[in-house]
Structure formats: C-alpha cells, structure tokens
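In: predicted structure and sequence below. I'll ask about it afterward.
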Amino acid sequence: MEAIHISYVAILVAVVANFIVGFVWYTPLFGKAWAKEMKLDITRKPTAAELGKGMTFMIIGNFLMAWVFAHNIAAWNFVPGTAEAPPAANLISSAVFTWLGFFVPTDLSVVAWEGKSWKLFFINTGYHLITLFVAAAIIMNM
C-alpha cells in the first residue's frame, strides 16, 4: 500500500488564506446581509473574548477542513486517470464534489430544520465553495 503524502505547510497556508477569505466574505462582502439573516444586532460590538473565541474556533475549523481535504486530494491521486487530467479539472472536481457531498447537505439542513433563509444558505454555501477552491489550489500546488 502506498503512503499518502500531504504538505503541512500547504495546510497552514490554506488555513491562513481561508481565514482571510472568511474575513472578507463575512465583513465587507456579505457581513450586513449575513448579520441580518442571522438576526444579529450589528450595532453591538463583540467583546474581545467573543472575538477571540470566534477566531479560535474558525482557525480550528479551517485547520480540520484543510487537513482532511489534503488527505482526500492525496487519496484521489490513486484514482485511475487522475494523473492524466488537467490540474484545473482535478482542482475543480475535488472542490465541487466535496462541496456537494459534505457542505451543501449540511447547509440545506439549516434551511430545513433551523428555519434559516435561502439567502443565508447562499451566503454560507458560497463561502464554503470558495474556501474549498482556495484550499484545493494551495494544497495541489505546494
């Protein structure tokens, strides 16, 4: 059995990149719309402890996503035909199939069971897809 090799440097770079993507996505791009859909009071500034907790959990989540995704991408390299496919095709398929199989069902459950809006669904699931593209690009190229 062949060993799966992953780059922990690539994982750390993906964590930092997706932290930045999250900041941009949920602050200037969709921050107000997301807060409105979450029924958050945007006039209330979070405390330093709340910000620290949120950032810590986001970094842990980004690490787990990148680490597992790196393993999945490495494992897919053993699928016949993968090596012959263009790198962009592998990047797109790894991000899209992971998004469709793992993120979209969870995001749909939030609409179905938690009563969240479709607008929130598209904000969150769009973020998940973008972070997968970013992580795939970094992991596959480092």
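Out: Received, thanks. Numbering: from 1, shown residues only.

In: longest helix anywhere in the protein?
Out: Counting residues, the longest helix found in the chain (DSSP state H) is helix 48-76.

In: and the helix or strand just after that one, C-alpha only, in CSV?
Out: For helix 48-76, the succeeding helix or strand toward the C-terminus, using DSSP states H and E, is helix 87-98. Provided in CSV are the C-alpha atoms of helix 87-98 (Å, rounded to 0.1, in the frame of the first residue of the first chain):
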residue,chain,number,x,y,z
PRO,A,87,-4.7,20.2,-12.9
ALA,A,88,-7.6,22.6,-13.1
ALA,A,89,-10.0,19.7,-13.7
ASN,A,90,-8.7,17.9,-10.6
LEU,A,91,-8.9,21.1,-8.6
ILE,A,92,-12.5,21.9,-9.7
SER,A,93,-13.7,18.3,-9.2
SER,A,94,-12.2,17.9,-5.8
ALA,A,95,-13.7,21.2,-4.6
VAL,A,96,-17.1,20.8,-6.2
PHE,A,97,-17.6,17.1,-5.2
THR,A,98,-16.5,17.8,-1.6
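
In: mean confidence score for the helix or strand just after helix 87-98?
Out: Next in sequence after helix 87-98, counting helices and strands by DSSP H and E, comes helix 104-114. Averaged across helix 104-114, the pLDDT comes to 96.

In: and for stretch 4-15?
Out: Rounded mean pLDDT across stretch 4-15 is 94.

In: list the buried residues of it.
Out: Across stretch 4-15, burial judged by 16 or more other CB atoms under 10 Å covers 6-7, 10-15. For the C-beta atoms, the positions are set from N, CA and C on the backbone; glycine is no exception.

In: which pair of these spans the longest distance?
Out: 6 and 15 (13.3 Å; CB to CB).

In: of the buried residues of stretch 4-15, which belong to helices?
Out: Among those, the residues falling in helices (DSSP H) are 10-15.

In: can you put those residues in TSV and add distance to residue 100?
Out: Formatted as TSV, those follow (distance: CB to CB, whole Å):
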residue	distance to residue 100
10	23
11	22
12	26
13	25
14	20
15	23
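
In: ok, residue 125 - contacts?
Out: 99, 103-104, 107 (CB atoms under 8 Å, 6 or more residues apart in numbering).
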